[in-house]
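> quick one, what's the 3D model for this:
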Amino acid sequence: MFAVVDIAGQQFKVSENESYYVPRLDAEPSSEVTFDSVLLLSNEKGTKIGAPVISGISVKAKVLEHLKDDKVLVFKKKRRKDYKVKNGHRQHLTKIEITKIG
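Numbering: from 1, shown residues only. Model (predicted):
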């Protein structure tokens with residue numbers, strides 16, 4: 001059984017008892033969050049596709065921790081102009097565990 005869920009503007013294919021890294025959520029660690037925008041639901045009985053979302057279906061998840069992603073280096077250079085700029089960026093993430101679909 002899996003579902004496609006819209007979390008913070010991004011779509012994730014999620015299954016029960018699995019952990020995922022999603023964009024930073026405004027929730028405390030060890031708290032419960034609910035996602036109501038389920039776009040697709042597939043189980044043993046068949047597949048339901050929403051138009052755009054499936055009403056009456058939600059996904060519950062537990063927030064495990066907040067963390068930062070690996071550093072991404074951004075390097076800009078213009079040749080023969082003595083122009084070099086090096087920047088770094090670390091994205092803020094939230095690790096969640098899916099507890100219930102449906």
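> how far away is the closest residue to V72 other than its chain neighbours from F2?
Spatial nearest neighbour of V72, excluding adjacent residues (CB to CB, 6 or more residues apart in numbering): H89 at 5.0 Å. For glycine as for every other residue, the C-beta is placed from the backbone atoms N, C-alpha and C. Distance, H89 to F2, by CB to CB, to the nearest Å: 31 Å.
> between these two, point out the one with more neighbours.
F2 (16 against 10; other CB atoms under 10 Å).
> surely the more buried one touches K13?
Yes: contact criterion CB atoms under 8 Å: F2 and K13 qualify, at 5.8 Å.
> need the residue closest to the centroid of this structure.
Closest residue to the average C-alpha location of the chain: V22 at 2.9 Å, with CA atoms, centre = their mean.
> so that residue: helix, strand or coil?
strand (DSSP: H, G, I helix; E, B strand; the rest coil).
> please name the nearest non-neighbouring residue to it.
I7 (4.9 Å).
> contacting residues around the one you found?
V22, P23, L25, F35 (CB atoms under 8 Å, 6 or more residues apart in numbering).
> tell me where this protein has strands.
In the chain, the strands defined using DSSP state E lie at 2-7, 10-15, 19-23, 32-35, 38-43, 46-49, 59-68, 72-78, 83-89, 92-101.
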